[in-house]
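S.K.: I need the structure of the sequence given here:
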Amino acid sequence: KENRYVSDLLTGDVVSTTDRRQGYMSLTAPLVQTSFATESSPSRRGTWVMERMLCQTPPPPHPNVPEPTNPGAARVAEIGAQVSCSACHKVFDPIGLGFERFDQLGRYREAYSGGQPADDHGTLSDGRAFRGPDGLGELLERDPAFWRCFARQVLTYALGRRAQGDSSDESAADRLALPL
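M.R.: Numbering: from 1, shown residues only. The predicted model follows:
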């Protein structure tokens, strides 16, 4: 085994493949976990990044919202047109669009099954643009919010329980994130 930097999880070659994968976020497991059975989901993938990489929890979906019928960016536009959904979706959908070069099984693709090109341009809620999971990884690598979230995740693992919002756990997370 070799010692590697944490940033390798974001942008490094973590697996040997023939299809443009870099970092943990482009591995099959998270891509499949954040998809529907028959198609990818920018909403689920963007929410996953917010929750797992930035420790931000978006509100739950509204009940009785009709399921969109289009793939990728067209799906995002369809959801965004629904007034009750647009406020939250405009935050996490643009993040999830950065994963659209990977289908529901985590396979790399240039186009959707209908022939429309798959576009992997994404945007974080603060307006920073990226392309693909590796581009997102490069942004997160320089983002203090990611490192604070990573510290909280490590603390959760070390404690064997979720880090609490009390001052002692928060202080420990701050100290863990400081040198990063």
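S.K.: when you work out contacts or count neighbours from here on, use the C-alpha atoms and nothing else.
M.R.: Will do.
S.K.: buried residues in the lowest-mean-pLDDT helix or strand in the chain, which are they?
M.R.: Ranked by mean pLDDT, DSSP states H and E, the weakest helix or strand in the chain is helix 8-11, scoring a mean of 75. Neighbour counts over helix 8-11 (16 or more other CA atoms under 10 Å) mark 9-11 as buried.
S.K.: ok, so of those, who is nearest T69?
M.R.: L10 (31.8 Å; CA to CA).
S.K.: mind listing what that closest one touches?
M.R.: Shown in contact with L10 (CA atoms under 8 Å, 6 or more residues apart in numbering): 22-25, 134, 137-138, 140-141.
S.K.: out of those residues, who's the most crowded?
M.R.: Each of the contacts of L10 was scored for neighbours by other CA atoms under 10 Å, and G137 scores highest at 26 neighbours.
S.K.: you'd agree that one is up against G23?
M.R.: Yes. Using CA atoms under 8 Å, G137 is in contact with G23, at 7.1 Å.
S.K.: common neighbours of the two, please.
M.R.: In contact with both G137 and G23: 10-11, using CA under 8 Å, 6+ apart.
S.K.: and the residue nearest the centre of the chain, what does it touch?
M.R.: By CA atoms, centre = their mean, the chain has its centre lying nearest to V49, at 2.5 Å. With contact set as CA under 8 Å, 6+ apart, V49 has these partners: 95-96.
S.K.: name the SS class of it, please.
M.R.: helix (DSSP: H, G, I helix; E, B strand; the rest coil).
S.K.: ok, G96 - contacts?
M.R.: G96 neighbours (CA under 8 Å, 6+ apart): 41-47, 49, 122.
S.K.: what pLDDT does N3 get?
M.R.: As predicted, N3 sits at a pLDDT of 61.
S.K.: equivalent analysis for R20, please.
M.R.: 68.
S.K.: before we move on, what about G98?
M.R.: Predicted confidence (pLDDT) for G98: 95.
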